[in-house]
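Chemist: Sequence and predicted structure below; questions after.
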Amino acid sequence: MTDSSTFAERRQVGDPQRRVADGGTDPAAVVTEELTELGLTTYAARTFVALTCHGPSTAKEISSVADVPRTRVYDSVEELEQEGLAAVAGSDPLRFVATPLPQAVRVLRTRVRDRLTRLEAGLDDVAEGDTGGSRESASWTAQT
């Protein structure tokens with residue numbers, strides 16, 4: 001199901017035909033936005049969504065469905081690999097695959113927990129007056 005002819009027939013990420021009944025929200029667009037909110041680049045988020053929807057894919061196939069320039073697909077997959085969200089699945093041609101969804105969700109959940117832990121620690125420091133600098137740097141003044 002991942003050969004070029006079959007792949008070309010599949011719907012593009014963000015395709016209007018993929019709209020759902022809940023007021024016209026495109027699930028791929030929602031997921032892409034959420035992934036960028038979690039710190040992925042837009043191209044990496046689109047690449048992940050494309051790989052999740054279409055399975056193992058070449059850079060050309062990802063570029064086609066995710067609207068990511070082919071030369072940027074490689075950067076996007078590298079970013080996803082570093083995050084634990086994708087891997088190289090084969091060669092000749094080079095194919096990429098998304099991390100299985102349960103594992104990807106665990107990776108993302110850990111990322112969110114880590115961010116919240118850092119936020120909580122930072123807020124505690126601010127509340128205690130520990131700003132990492134002088135007391136003067138902790139206050140802001142309005143310029144008129």
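Modeler: All right, it came through fine. Numbering: from 1, shown residues only.

Chemist: which stretches of the protein form strands?
Modeler: Here the chain has its strands, by DSSP state E, at 86-90, 95-98.

Chemist: List of residues touching the longest one?
Modeler: Contact with strand 86-90 is made by 47-48, 51, 56, 77, 80-81, 94-99, as judged by Cβ atoms under 8 Å, 6 or more residues apart in numbering. All C-beta spots, glycine's among them, are computed from the backbone N, C-alpha and C.

Chemist: before we move on, the earlier item: ok, which of the strands of the chain comes nearest Asp67?
Modeler: Comparison of the strands of the chain against Asp67 by Cβ to Cβ identifies strand 95-98 as nearest, at 16.3 Å.

Chemist: can you list contacts of that closest one?
Modeler: 2, 47-48, 51-52, 55-59, 62, 73, 77, 80, 85-89, 104.

Chemist: Report the contact partners of the residue nearest the centre of the chain.
Modeler: Central residue of the chain (Cα atoms, centre = their mean): Ala45, 3.1 Å from the mean position. By Cβ under 8 Å, 6+ apart, the contact set of Ala45 is 31-33, 35-36.

Chemist: can you give me the end-to-end distance of stretch 81-99?
Modeler: Separation of the first and last residues of stretch 81-99 by Cα to Cα, to the nearest Å is 9 Å.

Chemist: Report the rounded mean pLDDT for it.
Modeler: Stretch 81-99 shows a mean pLDDT of 94.

Chemist: Check stretch 125-134 too.
Modeler: 76.
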